[in-house]
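1. Below is the structure, and that's it, no one-letter string:
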């Protein structure tokens, strides 16, 4: 895995670092000194034109929003961490028994498809 997290402990990157540690995946941590303006260096602005952290790279893929990092990198991270997939299904109050049954069947099917993709 070629995950690289550009990080400063007082930035939003701390939550991404926490996630990576909890999952036990391999990654490289690159400290970015915000106090010296290192986040405005040309090589970092090429990754995130706003000059903000976190920046997570995986080869050519670059993700800069903390809420997007688990969503976008989730399957790859789950493959390496050997996690079970999580499926969430939303149903509305007042759903009929048939609608609930259909939602459950869809959730089970999605879980199995995701699990197969992760497990190979």
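-> That came through, no problem. Quick caveat, the model's predicted, so the values are computed rather than measured.
2. Report how many residues lie close to residue 96.
-> 9 (other Cβ atoms under 10 Å). In short, each C-beta sits where N, CA and C put it, glycine included.
3. avg pLDDT for stretch 5-13?
-> For stretch 5-13, the mean per-residue pLDDT is 92.
4. Centre of the chain to it, how far?
-> 15 Å (Cα atoms, centre = their mean, to the nearest Å).
5. for stretch 103-114, same thing?
-> 21 Å.
6. mind listing what's buried in that stretch?
-> Neighbour-count burial for stretch 103-114, counted by 16 or more other Cβ atoms under 10 Å, picks out residue 114.
7. which non-adjacent residue is nearest the residue nearest the centre of the chain?
-> The residue lying closest to the centre of the chain (Cα atoms, centre = their mean) is residue 70, at 1.5 Å. Of all residues not flanking residue 70 in the chain, residue 19 sits nearest, at 6.3 Å (Cβ to Cβ, 6 or more residues apart in numbering).
8. What separation is there between the one you found and residue 69?
-> Residue 19 sits 7 Å away from residue 69, going by Cβ to Cβ, to the nearest Å.
9. Equivalent analysis for residue 46, please.
-> 19 Å.
10. ditto for residue 40
-> 22 Å.
11. Check whether residue 26 sits in a helix, strand or coil.
-> coil (DSSP: H, G, I helix; E, B strand; the rest coil).
12. Domains in this structure, by residue range?
-> 3-81, 84-120 (automatic domain parsing).
13. State the distance from residue 102 to residue 109.
-> With Cβ to Cβ as the criterion, residue 102 and residue 109 are 11 Å apart.
14. pLDDT of stretch 112-119, averaged?
-> On average, stretch 112-119 scores 74.
15. Could you do stretch 52-64 as well?
-> Mean predicted lDDT for stretch 52-64 stands at 91.
16. And the strands in the chain?
-> Remark: strands assigned in the chain by DSSP state E are 3-7, 28-31, 55-58, 61-63.
17. Adding distance to residue 117 and mean neighbour count as columns, could you present those in CSV?
-> Listed next are those as CSV, based on distance: least, Cβ to Cβ, whole Å; neighbours: other Cβ atoms under 10 Å:
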stretch, distance to residue 117, mean neighbour count
strand 3-7, 19, 21
strand 28-31, 26, 12
strand 55-58, 17, 22
strand 61-63, 18, 15
